[in-house]
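[1] Take this sequence and fold it.
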Amino acid sequence: MRLRLLLLSLLLSSVMYSQRTERGFGPVHLERNNFQLNLLLPGFQYEFGLARNLSVGAEVGLSLATPREGYSVAPAYRAFSRYYHNLESRARQNKNVSGNSGNYFSVSFQQFFVEWELLGNLDNEGRDLNFLGVVYGIQRSYNNGFGFGVEAGAGNYFRNRITGGIGPVFNLRISWNPFRKKKPKGPPGFEP
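    Residues are numbered from 1 along each chain as shown. Model (predicted):
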C-alpha cells in the first residue's frame, strides 16, 4: 500500500515540475505530455517529463507476464521512471528527439490481474502477480503520430509479498498518439 501511495504521489507531483521539449540551440528536454495508445496489446500509456532526462509515467492495458512458473496475458497496470541517456547526442546528429525518441534505463513496477487472464497457465487463485525490476528500452516516435517501443530486462516477480523469484521481462509496443501535432512544412532547417 505504501508503494502505491509513493508512486501516486510521484506521478501527481511530476505534473507541477514537468518540462517541455526545446528546439534549436537550447537544451533538449523531454516532452511535457506524451500520450500513446498501444495498438499491439490494447491499452494506453501516459508519460511526462520531470527533468531534463527523467520522466515518469503509467500504463494500463493487456500485458505479458513471464514468471518462472509459467506465463500470463492479463490486464495490468504499470508505473515507471525512465532516464533517457542519449537525447543530446541524437539532437547533435540531427535525429528525431520529439515524442521522447531515445534510449533509456527504467525502473518499473507492474501489477498483473491474473484472475482475469486471457491466455496463460498461471495459478490464478485471486492473488495478483507483481513485478519490480530494471529494464533497458528504445522508444521512437514519428511525425504522423505512430511510434514503437522495445524494452527488455529482469526483476522480481512476487504475489502478496511472497517472492516468486527473478524472471525476465520483455515489452513490445506499437503505438499511436492521437494528439500529436504535425510539423508545418517550411524551408530546410525551419522550426516553428
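[2] And the pLDDT at the closest residue in space to residue 95 that isn't next to it in sequence?
    Excluding the flanking residues, the one nearest residue 95 by C-beta to C-beta, 6 or more residues apart in numbering is residue 101, at 7.6 Å. C-beta coordinates here come from the backbone N, C-alpha and C atoms, glycine included. According to the prediction, residue 101 has pLDDT 90.
[3] So what's the residue count around residue 101?
    Using other C-beta atoms under 10 Å, the number of residues around residue 101 comes to 20.
[4] Could you number the chain from 44 rather than 1 from now on?
    Understood, numbering begins at 44; the last thing we discussed is residue 144.
[5] hang on, it packs against residue 180?
    No: shown here, residue 144 and residue 180 do not form a contact pair, counting by C-beta atoms under 8 Å, at 11.7 Å.
[6] Could you export stretch 74-81 as CSV, keeping only the C-alpha atoms?
    These are the backbone C-alpha positions of stretch 74-81, laid out as CSV (Å, rounded to 0.1, in the frame of the first residue of the first chain):
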residue,chain,number,x,y,z
GLU,A,74,8.1,16.2,-23.8
ARG,A,75,5.7,17.7,-21.2
ASN,A,76,3.0,15.2,-22.1
ASN,A,77,3.4,12.0,-24.2
PHE,A,78,0.2,10.0,-24.6
GLN,A,79,0.2,6.8,-26.6
LEU,A,80,-2.4,4.2,-27.5
ASN,A,81,-0.9,0.7,-27.7
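[7] Give me the residues contacting it.
    With C-beta atoms under 8 Å, 6 or more residues apart in numbering as the test, stretch 74-81 has contacts from 61-64, 86-92, 98, 100, 102, 104, 141-143, 184, 190, 216-222.
[8] Would you confirm that residue 141 contacts residue 184?
    Yes: assessed by C-beta under 8 Å, residue 141 is found in contact with residue 184 at 6.2 Å.
[9] The two: who's more crowded?
    Counted by other C-beta under 10 Å, residue 141 and residue 184 do not tie: residue 184 has more neighbours, with 24 against 16.
[10] Specify the beta-bridge partners of the more buried one.
    Per DSSP bridges, the residues bridged to residue 184 are residue 190.
[11] what's near enough to touch it?
    Neighbour list for residue 184: 77, 139, 141, 142, 143, 144, 190, 220, 223 [criterion: C-beta under 8 Å, 6+ apart].
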